[in-house]
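Asks: predicted model follows, preceded by the sequence.
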2 protein chains.
Amino acid sequence: MNIYDIAEKCGVSIATVSRVLNNSPRVSEKTRNKILSVMKNEGYVPNAFARGLGLDSMRMIGVMCTDITDPFYANAVGNIERLFKRQNKDIVLCCTGNELADKKKSLSYMVDRRVDAVVLIGSAFKEETDNSHIRRAAESIPVIIINGYIDLPNVYCVVCDERGAVRENVAALVNEGYNKILYLYDASTYSGNEKLSGYKEGCRLCGLSAEDILSVRVAHSVKAVEEKINELIALGTEFNSVMASEDILAAAALNTLRKNGKKIPVIGFNNSAIAECTNPSLTSVDNMAEAMCETAVRLLDDMAEQKNVPSKTVISARLIERESYKKNRRGQKL
Amino acid sequence: MNIYDIAEKCGVSIATVSRVLNNSPRVSEKTRNKILSVMKNEGYVPNAFARGLGLDSMRMIGVMCTDITDPFYANAVGNIERLFKRQNKDIVLCCTGNELADKKKSLSYMVDRRVDAVVLIGSAFKEETDNSHIRRAAESIPVIIINGYIDLPNVYCVVCDERGAVRENVAALVNEGYNKILYLYDASTYSGNEKLSGYKEGCRLCGLSAEDILSVRVAHSVKAVEEKINELIALGTEFNSVMASEDILAAAALNTLRKNGKKIPVIGFNNSAIAECTNPSLTSVDNMAEAMCETAVRLLDDMAEQKNVPSKTVISARLIERESYKKNRRGQKL
DNA sequence: TTGAAAGCGGTACCAT
DNA sequence: ATGGTACCGCTTTCAA
């Protein structure tokens, strides 16, 4: 069943059928109804490949993340999918892992597949040295990066001010007397570095001395954090509050500290489901995934309308307070 | 840059270039090398839409789940993506939510998009009454259901024996004297019903009386569980162990119980990241997502090779023991 | 081993 | 408002 069959059954040419398919106004109401009813009766659906060939688009958006089981990425993918579906666009998902070679290969596959645009989720897509694959992809289609920033033509970035968020939280803690903050992190991505910088900046701005700045890198696992915390306690290292670059690190730290009878403020990052599952529940920084995704989709809309589109959009983070730390509202200052 | 350009630059016909693209053996080594090197120099990549039109396939697999932020689904999607990528197939992801109308629409979009097959993740895709959309989809492409079972032509199901797993765990608990098990669940999907049945079967097989069978439905939220547990305690309802249909319910129950000073066995379901983040960590049933996904992909491979493919494949679950409950190894019997 | 040409199923320009 | 037709870029059959 193709456009020729429909045309024949209706006694019109394929051009007219095509016009109906594309909602052209240049068809009489009568003819249109006739064609539509025949299409319905016959269960006709236009061939997506042929249409893609003619229009050079199948309304598909490539979406890449390093790991869909990471709640932050999953949430972002879900939002993006939902927003694009409104426009009848589907997403092709690619989970790349962290190997540069795999990321490059996946990205070029996306381009070869002729998706309309590609959305990279997470700062893991900004490489230290070699972003040539992204530059190349951006030569054929727009590239959107969520929570990462690379300055290249036709690459548009939407980031959350994570550095600022961490800095503010450091200030809030210190302001309440928690002047020795243990900062746990697990990756040195763009995002990871931003948060770490925020921690250090915050400490410096609050006038803390070098020995009060305690940032510790651990593996991305509950076990690793547990061991590290126990080690710090065994060594007699002092700290009176904890911040982490990820909820799972904060959760693990929280649990280990409680097991050791220590009740001190703990702040996580990403405001994931984990934050609600710890006891006490975990105060966490919301990195505004939804807002970033909405912005990403809007950027593409604006580009389609030939509007001028900013190459970088910054969104502020927000602290979601739960039991593991509540901000003291009185006398707060930066 | 298309196949004609390449043909011209090589002084051959497009047929020969096409043969090279498709690894046909009917090309001389010399010609092949010439063409390959020109392709490489020119950075030629065949047009995916044109190819799709000719071959009636763009090597895309539709994947549907109700909610990608659910860790079980995310994990399954990740596995499926990884396995298909090995075969140079990409996945089109659709998150449908739980509305039947949306599921129907998404499924028909997938078919209209001419994906090679569609994988439905989760028993939420088995409707109580109306599975006509699945039957219709299966008339054009194979439909694989992961963790759900519908008996229809060209629909292939891979399920985990969740009912059996719950039944066995009930038996283990009762065998150790935990003869009043609170069972928490949140959905009446196929999977949800299976687990609930397993609970009831287990209780019956262990000779428990009706008043010792305590299954409680709650909303899918930490808060709902908290309230329910507190309510049960307030009412003086007795139970000496807890099982749940989802880790998040078990985690919430565990936390609430500890806050009330109750240390009793708790078993979750899905073996998700949450299980490692509670304190004590949560013993949970692994529903073998990876094994199910591998089976799903293999089914499609076998179909492509015209092998006979089972319409239902059952895989056994496995208990992952953590701190919230450890099986007593001595004297265990069903 | 290679080439010519007929599809595949649409879109869109140019006439009428 | 409608029709004729070239074209999108590849696959594949049939001849040579």
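Replies: Looks like it came in fine. Numbers count the residues shown, from 1 in each chain, chains lettered A, B, ... in the order given.
Asks: how many neighbours does A:M288 have?
Replies: 22 (other C-beta atoms under 10 Å in any protein chain shown). The C-beta positions use only the backbone N, C-alpha and C, and glycine is treated the same way.
Asks: for it, grab phi and psi.
Replies: phi 60, psi 40 (degrees, to the nearest 10).
Asks: got a list of what it touches?
Replies: Shown in contact with A:M288 (C-beta atoms under 8 Å, 6 or more residues apart in numbering or on different chains): A:160, A:315-318.
Asks: residues from chain A in reach of DNA strand C?
Replies: A:2-4, A:14-15, A:18, A:21-22, A:46-47, A:49-51, A:53-55 (C-beta under 7 Å from any atom of the strand).
Asks: from those, which two are the most distant?
Replies: Greatest spacing in the residues of chain A next to DNA strand C, by C-beta to C-beta: A:A15 and A:F49 (20.1 Å).
Asks: follow-up on the earlier one: name the nearest of the contacts of A:M288 relative to A:E290.
Replies: Nearest member of the contacts of A:M288 to A:E290, counting by C-beta to C-beta, is A:I315, at 10.1 Å.
Asks: tell me which residue in the stretch 151-300 of chain A sits closest to DNA strand C.
Replies: For the stretch 151-300 of chain A, the residue positioned closest to DNA strand C under C-beta to the nearest atom of the strand is A:L300, at a distance of 19.3 Å.
Asks: where do the strands of the stretch 101-250 of chain A begin and end?
Replies: A:117-121, A:143-146, A:155-160, A:181-185, A:213-217, A:241-244 (DSSP state E, counting those that start in this stretch).
Asks: adding mean neighbour count, distance to DNA strand D and mean pLDDT, write the ones you listed out as a markdown table.
Replies: What follows is these, written out as a markdown table (neighbours: other C-beta atoms under 10 Å in any protein chain shown; distance: least, C-beta to the nearest atom of the strand, whole Å; pLDDT from 0 to 100):
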| stretch | mean neighbour count | distance to DNA strand D | mean pLDDT |
| --- | --- | --- | --- |
| strand A:117-121 | 28 | 19 | 98 |
| strand A:143-146 | 27 | 22 | 98 |
| strand A:155-160 | 24 | 25 | 97 |
| strand A:181-185 | 25 | 46 | 98 |
| strand A:213-217 | 17 | 47 | 96 |
| strand A:241-244 | 28 | 49 | 98 |
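Asks: need the ones you listed in CSV (columns: distance to chain B).
Replies: Output for these, formatted as CSV (distance: least, C-beta to the nearest C-beta, whole Å):
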stretch, distance to chain B
strand A:117-121, 12
strand A:143-146, 15
strand A:155-160, 18
strand A:181-185, 14
strand A:213-217, 19
strand A:241-244, 12
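Asks: including distance to B:E168, could those strands go into TSV?
Replies: Formatted as TSV, the strands of the stretch 101-250 of chain A follow (distance: least, C-beta to C-beta, whole Å):
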stretch	distance to B:E168
strand A:117-121	40
strand A:143-146	44
strand A:155-160	46
strand A:181-185	39
strand A:213-217	42
strand A:241-244	38
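Asks: re earlier: the residue of the stretch 151-300 of chain A closest to DNA strand C: what secondary structure?
Replies: Put simply, A:L300 is helix when judged by DSSP: H, G, I helix; E, B strand; the rest coil.
Asks: let me see the contact set for it.
Replies: A:61, A:116-117, A:142, A:144.
Asks: residue of the stretch 201-334 of chain A closest to DNA strand C, please.
Replies: For the stretch 201-334 of chain A, C-beta to the nearest atom of the strand, closest residue to DNA strand C: A:A304, 14.4 Å.
Asks: dihedrals phi and psi, that residue?
Replies: Dihedral angles for A:A304 - degrees, to the nearest 10 - are phi -60, psi -30.
Asks: any idea how far the helix or strand harbouring A:S284 is from the middle of the chain?
Replies: Using DSSP states H and E, A:S284 falls within strand A:283-286. Offset of strand A:283-286 from its chain centre (C-alpha atoms, centre = their mean, to the nearest Å): 16 Å.
Asks: quick one: that strand near chain B?
Replies: No: Strand A:283-286 is not in contact with chain B by C-beta under 8 Å from any C-beta of the partner chain; minimum separation 12.5 Å.
Asks: didn't A:C10 look like it was pressed against A:S37?
Replies: No: between A:C10 and A:S37 there is no contact under C-beta atoms under 8 Å: 9.2 Å.
Asks: ok, those two, which is more surrounded?
Replies: A:C10 (18 against 11).
Asks: tell me which residues touch the more buried one, please.
Replies: A:16-17, A:31, A:34-35, A:38.
Asks: quick check on it: phi, psi?
Replies: According to degrees, to the nearest 10, A:C10 has phi -100, psi -10.
Asks: for the residue nearest to A:Y185 when sequence neighbours are not counted, give me phi and psi.
Replies: Among residues not flanking A:Y185 along the chain, A:S245 sits closest, at 3.9 Å (C-beta to C-beta, 6 or more residues apart in numbering or on different chains). A:S245 adopts backbone torsions of phi -80, psi -10, taken as degrees, to the nearest 10.
Asks: A:L182 - nearest residue in space that isn't next to it in sequence?
Replies: Nearest to A:L182 is A:F239, by C-beta to C-beta, 6+ apart, at 4.0 Å.
Asks: doesn't A:N328 fall inside a helix?
Replies: No: with three-state DSSP as the criterion, A:N328 is assigned coil and is not in a helix.
Asks: quick one: residues contacting it.
Replies: A:172, A:175-176.
Asks: what about A:L83, distance to A:T295?
Replies: 10 Å (C-beta to C-beta, to the nearest Å).
Asks: let me fix that: A:V115
Replies: 19 Å.
Asks: among these two, which residue is more densely surrounded?
Replies: A:V115 (26 against 20).
Asks: I'd say that one and A:S140 touch.
Replies: No: using C-beta under 8 Å, A:V115 is not in contact with A:S140; the gap is 9.9 Å.
Asks: neighbouring contacts of the least confident helix or strand in chain A by mean pLDDT?
Replies: Least confident helix or strand of chain A, by mean pLDDT, DSSP states H and E, is helix A:274-277 with a mean of 92. Here helix A:274-277 makes contact (C-beta under 8 Å, 6+ apart) with A:71, A:247-248, A:250-251, A:268, A:281-284, A:320, A:322, B:222, B:248, B:251-252, B:255, B:273-274, B:277-278.
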